[in-house]
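**Student:** would you be able to build a 3D model of this:
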Amino acid sequence: MSLSTHVLNAVTGRPAAGLRVQLSRADGTVLAERHTDDDGRIKDLPDPETGTHRLTFDTAELSPFYPSVAIDFTVADPAAHYHVPLLLSPYSYSTYRGS
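**Tutor:** Below is the predicted model of the structure:
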């Protein structure tokens with residue numbers, strides 16, 4: 001199993017570089033904290049176990065309305081790759097199960 005994320009600034013159409021992202025388990029235990037690279041990606045997150053996890057994105061610098069965005073997701077197949085992207089604008093965001 002592997003886990004990655006990507007953040008895109010929808011206003012500029014550019015990757016959100018340097019954004020702090022935290023990975024935690026459902027019980028709140030922090031597993032990792034990383035910053036997005038120049039391409040807005042984090043590729044070296046630890047492999048989470050089966051169960052529910054949360055990615056918390058520190059978005060205050062990009063959004064006056066959303067100081068952070070938390071995405072809960074469930075790892076059902078520990079052998080699969082999970083990609084959790086975030087598309088962010090000042091007053092909205094979206095996400096999906098990427099590949």
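**Student:** quick one: low-confidence parts of this protein?
**Tutor:** Within the chain, no range satisfies pLDDT under 70.
**Student:** as a quick check, tell me the outermost residue of it.
**Tutor:** For the chain, the residue at maximal distance from the C-alpha centroid (CA atoms, centre = their mean) is residue 79, at 19.6 Å.
**Student:** next one: it from residue 2, what distance?
**Tutor:** 10 Å (CB to CB, to the nearest Å). Yep, even glycine has a C-beta here, placed from its N, CA and C like the rest.
**Student:** residue 52 now?
**Tutor:** Counting by CB to CB - residue 52 and residue 2 are separated by 17 Å.
**Student:** residue 36 now?
**Tutor:** From residue 36 to residue 2 the distance is 17 Å (CB to CB).
**Student:** so if I had to pick from the two, which one is more boxed in?
**Tutor:** The residue with more neighbours, out of residue 36 and residue 2, is residue 36; 20 against 14, by other CB atoms under 10 Å.
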